[in-house]
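>>> Quick one, what's the 3D model for this:
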Amino acid sequence: MAENTVKPRPPFRLGVISMPWALFNRPSIQLGALQGYLSQAEPEMQVACLHPYLGLTKSLGLELYREISQDVWLCEGLYAGLLFPEQRPVLRGFLAKRLKQCDSAGVNTIDILWAKVETHLHQWLAGQDWGQFELVGFSVCFNQLLASLLAAKQLKALQPQLPIVFGGSSCVAEMGSSLLEVFPWLDYVVHGEGEIPLANLCRVLAGREIALLPQVMARTGQTTGEPFVGCQLKGLSELPTPDYDGYFQELRREFSGEPFVPELPVEFSRGCWWGKCTFCNLNLQWHGYRGKSAEQMEREVLHLSGRHGCLDFSFTDNVLPGREAPDFFARMDASKKDFRFFAEIRVNQRGDILKQYRQGGLVAVQAGIESLSQGLLERMRKGATVMENLALMKESVALGIRLDGNLITGFPGSTETEVQETLMNLDFVLPFTPLTAASFFLGHGCEVACKPQDYGIRAIVQHPHNRKLFPSQMLQGLTLLINDYRGDRAKQRRLWQPVVEKIRAWQRFHAARRCPAHLVPLLSYRDAGNILIIRQELPDQATLHHRLRGTSRALYLACETIVEFEALARQFPKLGRAQLATFLTELTAKRLLFSQGTRYLALAVHTASGTEL
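Numbers count the residues shown, from 1 in each chain. I've put the predicted structure just below:
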């Protein structure tokens, strides 16, 4: 008599995709985290990670791809012209102006690039076995919306029965639901963190669960409820190390040899422990702040470095965790391994903390500077002062840390006084790494967008550049990440133009120097115990040297870190308060010292005795 046997259920097969314009020299942290989690939580599932941005990098060349990927409108426009051919007449001139800013463009025109991008997408789609998958997902983050929409549409034409899901920071809440309503080739959108909802969607499609979680929006409209309840990880200790094997397999297929050594993204935390900045919409997909332990982070870095032969890492956090990061960098320092890290930090992560980070391998940071006006910093709710911003900029130079930071121009409601304060303070930051002028944009979901009346905004409208990307009727139904507003926009442009020009001059001054600032800072000092010599470079002037002796020397050194006037008065009682104030005023006038209220900070960076002055 034959025994009854139950055939094993075939594994569910999922494909997840990161489209251009992800950074070519990094695997996708989104795909790596999803694959690592799903392989652990759903061991019977087969997950394939696809990185078509590597193939486009090969087609365009490393430098041109890199330059294009830094311009959101050029990125989106190149795919918008393919998805909506009727938009090409208005897009052609708009994109051509932006392409001129790319030094590597060469003979490429917008029409040539459209042809290259179209050819790459066609060949890539044709080269995949889409019949193997039961679900395909697109990770849609900054710069990837139009590329993902076009690829999904063409994939749906090839495989009409294949379900397609979108997820990522460009698909949160109303943005995701509007994508479902406008683009019929999308079947699902995940709102927020992806691991648990994507696993749930796969189980539903495999017939192993009945109901979708509220965080999964379906074309049928069957999901309701609180979007975050039970839909995100309680803690990141549940996350395994990201799986980047697929990226490296594709890298070896696309490029012979090693044209570059990848920088590996790692994730210390999700969310932002500050979370109060009024212009920020980077945390819409998270609920609360969660992080990993220093020990877990160390294990991940060591594992990834050993597996892939890489020494450079980039933290994807909105801000390094204040509690665990010092321990992690202390572990890296003790390991004596030559790792290098990039991270985003707040301006209060400086002093001994920043020194410890640097000793543990932190060589580059993105800092939340945003403004050099105290009033604006307070309206932005940065929780920092102008002086603290300067202190971080100074310490970065002193420690040899490359600092990238933005100075937001055109913030709604900015006053002439705040602009003048910014112009004045730009003179004091001249010796430090130049900031980038970032014109304010109204991000969906930020406090300014949620409370527009508090910022003098009469109406929120589509960004004019989005009107070039999308047909007008279609755009009416979309909620997008970047918006515009009616209010004082034109006034703000006029007010801030002198600041934009001064920042450009600052950047040109640094670019023209014969010696990089990390070798010879523009404002530095050497100390011999009885005499201190300050070297100061200024635009269109001979290099200045200032000699301080005795009490003057001691007083300047006492301002090495931020110090109150009263503390200086107690330390130097023989000077007298009037004489002390006069001396501090003189140093401030020479831009050797910065003052804010009753606090002072020396701006010169100490250089080793062997450094050429």
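
>>> Could you tell me what pLDDT the model assigned to residue 514?
We note a pLDDT of 72 for residue 514 in this prediction.

>>> Just the pLDDT at residue 609, thanks.
45.

>>> Rounded mean pLDDT for stretch 541-557, please.
On average, stretch 541-557 scores 97.

>>> actually stretch 350-359, not the one I wrote
On average, stretch 350-359 scores 97.

>>> change the start of the numbering to 525 and stick with it
Got it, first residue is 525 now, which makes that one stretch 874-883.

>>> Run through who's touching it.
The contact list for stretch 874-883 (C-beta atoms under 8 Å, 6 or more residues apart in numbering) reads 844, 849-850, 853-854, 857, 867, 869, 873, 886, 912, 915-916, 919-920, 923-925, 1085. (Each C-beta comes from the backbone N, C-alpha and C, glycine too.)

>>> Any chance you could give me that stretch in CSV, C-alpha atoms only?
Provided in CSV are the C-alpha atoms of stretch 874-883 (Å, rounded to 0.1, in the frame of the first residue of the first chain):
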residue,chain,number,x,y,z
ARG,A,874,32.8,67.4,19.3
GLY,A,875,35.6,68.0,21.8
ASP,A,876,36.9,64.8,23.3
ILE,A,877,34.1,62.9,21.7
LEU,A,878,35.1,64.0,18.2
LYS,A,879,38.8,63.2,19.0
GLN,A,880,37.8,59.7,20.0
TYR,A,881,35.8,59.3,16.8
ARG,A,882,38.8,60.4,14.8
GLN,A,883,41.2,58.0,16.6
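
>>> which ones among the contacts of stretch 874-883 are found in strands?
867, 869, 886 (DSSP state E).

>>> and which of those residues is nearest residue 940?
Closest approach to residue 940 among the ones in strands among the contacts of stretch 874-883 (C-beta to C-beta): residue 869, at 31.7 Å.

>>> Quick check: pLDDT value at the closest one.
Taking residue 869 on its own, its pLDDT is 97.

>>> next one: stretch 836-852 to chain centre, how far?
Stretch 836-852 sits 14 Å away from the centroid of its parent chain (C-alpha atoms, centre = their mean, to the nearest Å).

>>> Enumerate the positions of that stretch that are buried.
836-846, 848-852 (16 or more other C-beta atoms under 10 Å).

>>> Ok, stretch 1106-1114 next?
By neighbour count on 16+ other C-beta under 10 Å, the buried set for stretch 1106-1114 is 1107-1108, 1111.

>>> related to what we said a few turns ago, out of the buried residues of stretch 836-852, give me the two with the largest separation.
Farthest pair in the buried residues of stretch 836-852 (C-beta to C-beta) is 836 and 846. Separation: 23.7 Å.

>>> circling back: can you tell me which of the buried residues of stretch 836-852 lies nearest to residue 968?
Proximity of those to residue 968 (C-beta to C-beta) peaks at residue 842, which lies at 16.6 Å.

>>> next SSE after the longest helix seen in the chain?
The longest helix of the chain (DSSP state H) is helix 1013-1035. Next helix or strand after helix 1013-1035 toward the C-terminus (DSSP states H and E): strand 1047-1051.

>>> other SSEs contacting whichever helix or strand comes after that next one?
Where DSSP H and E defines the elements, the next helix or strand beyond strand 1047-1051 is strand 1055-1060. The contact analysis (3 or more C-beta pairs under 8 Å, 6 or more residues apart in numbering; DSSP states H and E) places strand 1055-1060 against strand 1047-1051, strand 1068-1073, helix 1074-1082.

>>> what's the most buried one of these?
Comparing the helices and strands packed on strand 1055-1060 by mean neighbour count (mean count of other C-beta atoms under 10 Å), strand 1047-1051 comes out on top with a mean of 21.
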